[in-house]
Every structure is written in structure tokens, then in C-alpha cells.
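Q: next comes the sequence, and after it the predicted model I'd like to discuss.
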Amino acid sequence: MTTDTAPKTALSAQSALEEPCSACAEKPKEDTAASCKMLTVSETAAWLSTHHNYLIIMHAHPDGDTLGCGIGLRNLLRLMGKTAHCICADPIPYRLQGITEEREFLLAEQLPDGFFWDKVISVDIASPSLMGSYAIPFGEMGRVDLAIDHHCTNTLFAKYACVDGSLAACAELIFDIGCELFRWNEGDRRMPQNIAVPLYAGLNTDSGSFKFGAVTPVTHHRAAILLASGIAHTKITERIYGSRSFYQVMAAKAAYENLRFFLDRRVSLVSFTEETMAEYGLRDEDIDDIVNMIRGIRGVRVAVHIRPRAKNAYKLSLRCEEGFNVSKIAAQFGGGGHVCAAGCTITGDIHAVEQQIIDAIADAFDAEACAATAARADIADSAAATEKAGASL
Ligand SMILES: [Mn+2]
């Protein structure tokens, strides 16, 4: 167990924290990483046992994983006899409202009177900017005590971090922490439903319904234990995937009308501007799935969805086939994410933003082609050398 006396200011870089992540070999940024201490799952469980009043922050524009982690962790902490509340800078999309039975709002101003937290935890958040309006008061002021995350691009902005970049969902980490404390993975102990439901929703959504490359036998083992708790999994997935709103259908229609291809049809791209959003009456949550819709097209290696974020700023969602790495491209624009699913924000007018992302992808394709040519030349050289050596015998 570690003590709670981490230095509050960034000092010299600690070499141990700069080890490349095994999943994507990205390095955390040195300045923010300097004072962060990594915790294992069991150290995290012990840390959670030590303190009493927790505030949990989810990322803005919440997805199933951040919500599942926030609500699952909150209910886990309450089971431990702690006080815990969650906050999220943006409203919960309709399809994810089933994750919590309480239909509560999760805004900071709606926290109960008299609640004072002594520790702040972020879940599924790779960097402070992803907290939306809570980025400055919490993330950038260095007020996050513990970051629990599965992004290998985590900037280690918190005092402590429990990060495993190899996991399909951050919910798997909350699951492991819960099992460390309550041994739900042993014998016939059952995880309470108010923890298993949000964790299953997080795991199912972030793993692409168990389709993504990060899914392992252990992922399925965790899912098996969640199902064994008796949750109504079809009810959860029906709410999440089984119905679409009128506006989600309008978003799909607008996306197909705006779909374009670049670089010999290896890149599919849909841009939504403020005008497109207004024309179809779309809100941000209506267009979350567009990038996945334009991803599974034969011959397309990278899918790009561009949406308005602020005045003259656009958010880009990137997806790619296995063997390519969109998190590297997102990182060039200050973003991040996973190898096959990443995002970033670029400022400028829409045409300039499109040009920049296409240029970056073209450069990556070129670099890939150069590497392939060099590898072929190496093989040819070594074949020639072998032949020469054979001839001289
Ligand atoms: Mn996640």
C-alpha cells in the first residue's frame, strides 16, 4: 500500500513512468506525468478503503464506459460504506439512461447540500480536456487524486493512476477492483445488480459488443461473472442498441448524403457543420454512431467523422482497420485514444480541417509504403547475400 503524500507539483521526470505502454508504445507527456504514481488494482482497492468521501468525474459527452464506470464505482464505494457521488459535464443520452435506475442528473450543481469530498477520481478519462466544463476546475488545477483508465494515451494528470491500456473497457478495471475487495469472482458470490448492470453496459459498449481486438478470454470471463449476477442483459442491450430516435435516422440520412471518399477510396469521410446540424435538427448525441456506420466499407482503411465542437473548432472521430494506428494521427493534433478508435479537435474552417486530416492520413500511408519497400529491399539483399555465400562454397 502506498502513502498519500504524492508531491503536488511536477518535478523532474520519473523514468519509471515513461515506459512505453505495451498496447501502443505511446509515451505519456513528461511534464504532467512527473508527479503521478502508478497503482496496481490491489493498491487501488486499498487506497479506496482508506478514504471516505469521493467525487467521481466522468468524461464529457458521456459514453457507456465512462457512465458504467462512474455509476458502478459509486455503488461499489457505497457498498464499502463510503459517501460517493458522480458528476458529468453533459447530459446522459437517452439510450444510456437505463444504466442507472435512479434517473438522477449528474451535474456538479445538483450534488446534495452538505456533501464535501476529500478525494476526486476520474474514470475513463485520458486527459483533463475530456472533462468538458470540469476540465479547468478539476483536471487542470491538479485536483484529481486518482485516474482509473484504459487509454494508453493517458497523460498521467492525476496524483495516482490505475491505467491498463490493454483492456477493451475501463469497466474491466472497476470490475477487477470490486472483485479484489469482495471476491465476486470466487465461489457463488454474486455481484450486486446496481454494480453489475453499469459495468456490463460499459464493457459491452466499449468492446464493440465483444467485437474489438482488445477483447480477450479474460474479457469474456469478466462478462460471464457479470451475467452470473443475474442481470437482465437483453434489457440493457435492447435499450442501448435496439431502438433509434427519429433524429438518429435523420443523422444517418445526412451522413450518407455527405459521404465522400479520399486516397483511392481508402478513407471515408463525413463532415457535419453547424448548418447540417441545424438543417436536420440534430443534437450531438444523435450523431455519435456515424463514424462506425462509415467504417465497415470494403476497401476503406480509415473512417473520419467531423462534427462542430465550438466556433471554428471541429471534433474528429477516427476509426481504422487492424494494422493501422489512428491514435498516432490523433496525437499529431493533440488528441488520443486507442489504436483503432481515436479522436482529436482541430480549429479552422471546415475545408482546412478536412485537408489537414487527409494530409496526415496520406503521410501515414506513405510512411507505411516506404517501410514496406525497405523491408522488401532487406529481404532481397539477404537473399542475394545467401546466394553469394552459397556460390562461394
Ligand atoms: Mn472507455
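A: Looks like it came in fine.
Q: alpha carbons only for contacts and neighbour counts from here, please
A: OK.
Q: hmm, who's touching the host helix or strand of Ile56?
A: Taking DSSP states H and E as the criterion, Ile56 maps to strand 53-57. With C-alpha atoms under 8 Å, 6 or more residues apart in numbering as the test, strand 53-57 has contacts from 70, 74, 82-88, 116-123, 131.
Q: write the ChimeraX selection for whichever of the residues you listed are buried.
A: Buried residues within the contacts of strand 53-57, by 16 or more other C-alpha atoms under 10 Å, are selected in ChimeraX with:
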select :70,74,82,83,84,85,86,87,88,119,120,121,122,123,131
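Q: sitting in helices, which of the contacts of strand 53-57 do you find?
A: Members of the contacts of strand 53-57 lying in helices (criterion: DSSP state H): Gly70, Arg74.
Q: of the contacts of strand 53-57, list those near the ion.
A: Counting by C-alpha under 5 Å from the ion, nothing from these sits close to the ion.
Q: can you get me a residue count around Asn258?
A: Residues lying near Asn258 (other C-alpha atoms under 10 Å) number 13.
Q: the one 3 residues further on too?
A: Residue neighbour count, defined by other C-alpha under 10 Å, stands at 14 for Phe261.
Q: repeat for Ala371
A: Neighbour count of Ala371, defined by other C-alpha under 10 Å: 12.
Q: tell me the pLDDT of Thr9.
A: pLDDT for Thr9: 28.
Q: nope, Ile294 is what I meant
A: pLDDT, read off for Ile294, is 95.
Q: hmm, back to that, how about the strand holding Ile56 as PDB, C-alpha atoms only?
A: Provided in PDB are the C-alpha atoms of strand 53-57 (Å, rounded to 0.1, in the frame of the first residue of the first chain):
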ATOM      1  CA  ASN A  53     -15.900  10.900   0.700                       C
ATOM      2  CA  TYR A  54     -15.500  10.500  -3.000                       C
ATOM      3  CA  LEU A  55     -16.400  12.600  -6.000                       C
ATOM      4  CA  ILE A  56     -16.200  10.700  -9.300                       C
ATOM      5  CA  ILE A  57     -15.800  12.600 -12.600                       C
END
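Q: per-residue confidence averaged over it?
A: pLDDT averaged over strand 53-57 gives 97.
Q: can you check stretch 135-143 too?
A: Stretch 135-143 comes out at a mean pLDDT of 85.
Q: before we move on, what about stretch 174-185?
A: 97.
Q: can you give me how far stretch 145-152 is from the chain middle?
A: 10 Å (C-alpha atoms, centre = their mean, to the nearest Å).
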